[in-house]
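Colleague: next one to model:
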Amino acid sequence: MAAFCYFCFVADIDAQEGQVRASAPTSVAVGQSFNYTVSGDFSGDVELPPLKGIKLVGGPSTFVSQQSTMVNGRIESTKTVTYTYTFLAQEEGDIIIPPAIVTSGRKQTKTNELIIKVLKSSQDIQDAQSGSVANVGESTETVFIRQIPSKTNLYQGEQLVLSTKIYTQEALNISNFKAPGFDGFWRQDLEADNNAQQETINGKTFLSQVFKRDLLTAQKSGILTIEAGNIECMIRKKVSRSRQGGYNDPFFDDPFFDRYENVAQGFKSNAINISVKPLPSGAPDGFNGAVGSFSLKVSIDKDKLKVNDAITLKVQVSGNGNLDLLKPLKIDFPPDLEVFDPKTLQNLKHGSEGTSGSLSYEYILIPRHAGSFRISPVVFSWFDPKQEKYKTEKSSEFNFSVEKSESSDETYISSPAAQGISNQGGKEVLSLAGDIRYIRLSPPELKPIGKSFFGSLLFIASYTIPLLFLLILIILRKERIRRNADMNMVRNRKARKLAEKRLKNASLLLKTDENGFYDEILKAIWGYLSDKLGVNASELSREKIALELERKNLDPIIFQSLWALLDKCEMARYASGIEGDKNEIYEEAIRLISILQEKIS
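Modeller: Prediction:
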């Protein structure tokens with residue numbers, strides 16, 4: 001309620017220096033006369049604008065009022081000049097009265113522009129205002145509020161504007177407003193009026209202003225009731241002065257001696273019944289509840305791409321209606337496309353004419369194999385309440401070609417759960433075009449009652465044996481995890497296998513690559529010692545190996561044979577002109593590794 005908590009009506013609201021304002025009724029009937037007033041603090045002439053659809057039949061009549069008020073010990077005086085013209089409504093429709101020009105000396109000021117709705121009859125005015133100001137009658141109320149809908153008969157999904165308006169002949173502030181419930185409506189706040197205007201109702205002049213405006217969308221059919229709203233105001237009241245001792249002097253009747261105080265008072269608006277008609281039967285394909293006036297635009301960003309590249313399909317719905325409540329359109333995508341949830345982009349404006357703008361959906365599509373693809377035309381249907389019929393708009397179809405990618409796998413695609421995982425063991429895959437099976441045409445195989453597989457010994461065994469097998473696998477896996485927890489033990493177990501692998505490589509290089517042969521022998525021996533003894537490669541040296549072998553109580557002869565073999569390989573590898581018997585070196589390496597494997601646990 002921050003928008004109007006400090007909103008103030010005063011009888012001379014338009015009487016500030018240099019300000020002028022035009023006012024007139026918001027709706028009249030054809031052939032009905034009405035007053036058009038220009039008021040403010042000015043001294044000069046009023047020049048009326050060119051008029052269309054209405055005719056000047058009287059005026060102007062001029063009225064000047066002046067008021068003096070004491071506020072905080074100071075006297076404030078205000079003057080208001082009012083020019084009143086009488087017009088006759090001649091044509092049905094919305095009549096625009098352009099700003100009038102007020103000339104005061106050398107200064108010219110323009111009034112505000114007015115829009116008057118001219119209806120066929122006075123009964124139409126009462127229906128449009130739904131019992132608002134037309135029902136005031138001869139009431140003596142000086143303050144009242146009314147809820148005024150823009151329409152009282154509409155279709156489900158159609159929008160209306162509800163204006164909550166206050167009329168006053170008092171100076172007041174709105175302190176609180178309790179809005180009614182809107183059961184059966186979706187509500188959107190709209191901007192209220194910033195200024196008040198004068199209105200003449202049954203010969204009485206009121207200041208009026210719309211202090212709350214809502215955009216309502218009917219969600220269900222039937223008679224929907226908008227309950228009354230409640231407002232609390234602080235009204236500035238004149239306090240009568242009591243004269244003691246029978247002392248009565250007319251001098252003290254001067255407004256200079258008036259005293260005012262703020263009085264809290266509550267008011268209640270009218271309730272409104274809105275007749276909501278259900279949408280006609282026979283809705284076409286592509287209808288998803290859209291009501292209003294719309295257009296459809298569909299596009300793709302490319303027509304050629306490679307496997308696993310992305311293509312974007314953009315669907316845009318534009319127009320005026322219940323755009324806030326629309327859901328993504330149903331689109332028939334080819335089954336071989338991976339389709340992601342659409343991204344929704346809203347560019348909407350809410351105003352007195354309803355919701356307007358555009359609603360866009362962007363779909364990311366990824367083809368998983370090469371070929372030609374076709375996206376069927378997108379169909380969008382809506383109900384036009386003005387023409388009271390369904391309308392349909394269809395886009396063109398979209399064709400694009402996908403070229404094979406050198407790094408793509410056209411047979412399988414990754415499932416959504418496996419997105420972003422490298423293509424290594426255990427990747428979850430999804431086979432394309434394999435999710436539909438043919439209907440089995442042959443008759444089923446029937447068996448006599450009592451000879452069913454269920455409940456038989458074989459059935460029980462089929463459950464128990466897999467469970468036992470699973471239990472064994474769990475025990476073996478726990479043992480493997482326990483053994484793999486000790487990295488030195490793991491390296492110890494794998495030492496011989498790695499050494500044999502390198503010796504095998506060395507045997508292949510016996511006759512073809514001399515340097516490569518000696519490299520593989522050295523790698524086999526040093527790698528075996530590193531893994532078997534649990535020594536890191538960065539700490540590997542003859543002194544470290546000798547120390548570790550002594551702890552294992554190894555025979556010194558093995559030491560000498562090991563160092564001799566390493567010396568031969570290093571001399572043959574790095575010293576030019578020196579060659580050894582490669583077959584002898586190869587056999588010696590196998591012998592030493594076998595001895596070490598037996599001696600070292």
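Colleague: which residue is the nearest non-sequential neighbour of the residue most central in space within the chain?
Modeller: What sits nearest the mean C-alpha location of the chain, by C-alpha atoms, centre = their mean, is residue 344, with 6.5 Å. For residue 344, ignoring the flanking residues on the chain, the nearest one in space by C-beta to C-beta, 6 or more residues apart in numbering is residue 361 at 5.8 Å. Backbone N, C-alpha and C define where each C-beta goes, glycine included.
Colleague: next, the one you found: secondary structure please.
Modeller: Judged by DSSP: H, G, I helix; E, B strand; the rest coil, the three-state class of residue 361 is strand.
Colleague: residues contacting the closest residue to residue 186 other than its chain neighbours?
Modeller: Take residue 186 and drop its neighbours on the chain: the residue closest to it by C-beta to C-beta, 6+ apart is residue 217, 4.3 Å away. Listed by C-beta atoms under 8 Å, 6 or more residues apart in numbering, the contact set of residue 217 reads 157, 158, 159, 185, 186, 187, 188, 322, 324, 325.
Colleague: hang on, the earlier thing: got a list of what the residue nearest to the centre of the chain touches?
Modeller: Here residue 344 is in contact with 328, 359, 360, 361 (C-beta under 8 Å, 6+ apart).
Colleague: and it, how close does it get to residue 519?
Modeller: Computed as C-beta to C-beta, to the nearest Å, the residue 344 to residue 519 distance reads 64 Å.
Colleague: for residue 286, same thing?
Modeller: Distance from residue 286 to residue 519, by C-beta to C-beta: 73 Å.
Colleague: just name the closest of the contacts of residue 344 to residue 544, please.
Modeller: Closest approach to residue 544 among the contacts of residue 344 (C-beta to C-beta): residue 361, at 68.7 Å.
Colleague: does the closest one touch residue 328 like I think?
Modeller: Yes. Using C-beta atoms under 8 Å, residue 361 makes contact with residue 328 at a distance of 5.1 Å.
Colleague: overlap in contacts of these two?
Modeller: Joint contacts of residue 361 and residue 328 (C-beta under 8 Å, 6+ apart) are 315, 342, 344.
Colleague: low-confidence ranges in the chain?
Modeller: Residues of the chain meeting the criterion pLDDT under 70: 1-18, 65-77, 121-140, 239-259, 407-441, 447-455, 483-495, 513-514, 575-580, 601.
Colleague: any idea whether the closest residue to residue 306 other than its chain neighbours is helix, strand or coil?
Modeller: Spatial nearest neighbour of residue 306, excluding adjacent residues (C-beta to C-beta, 6+ apart): residue 405 at 4.4 Å. Classification of residue 405 by three-state DSSP places it in coil.
Colleague: residue 405: neighbouring residues, count only.
Modeller: Neighbour count for residue 405, taken as other C-beta atoms under 10 Å: 16.
Colleague: contact partners for it?
Modeller: 306, 307, 308, 309, 370.
Colleague: try residue 193
Modeller: 209, 210, 211, 213.
Colleague: and for the third one, the neighbour number?
Modeller: In this case it means residue 211. Residue 211: 22 neighbours (other C-beta under 10 Å).
Colleague: residues in contact with the closest residue to residue 286 other than its chain neighbours?
Modeller: Spatial nearest neighbour of residue 286, chain neighbours left out: residue 379 (3.5 Å); criterion: C-beta to C-beta, 6+ apart. Residues in contact with residue 379, defined by C-beta under 8 Å, 6+ apart, are 285, 286, 329, 392, 393, 394, 395.
Colleague: could you redo the last one with a cut-off of 7 Å?
Modeller: With contacts defined as C-beta atoms under 7 Å, 6 or more residues apart in numbering, the neighbours of residue 379 are 285, 286, 392, 394.
Colleague: assign the nearest residue to the third one once chain neighbours are set aside to helix, strand or coil.
Modeller: The reference is to residue 392. Computed as C-beta to C-beta, 6+ apart, the closest residue to residue 392 that is not its neighbour in sequence is residue 381, at 4.4 Å. With three-state DSSP as the basis, residue 381 sits in strand.
Colleague: check the burial of residue 381 by counting its neighbours.
Modeller: 19.
Colleague: and it, bridged to which residues?
Modeller: Beta-bridge pairing for residue 381 (DSSP bridges): residue 287, residue 392.
Colleague: thought it was touching residue 279?
Modeller: No. In this structure, residue 381 is not within contact of residue 279 by C-beta atoms under 7 Å, at 11.3 Å.
Colleague: find residues that contact each of those two.
Modeller: If you check residue 381 and residue 279 against C-beta under 7 Å, 6+ apart, no residue is contacted by both.
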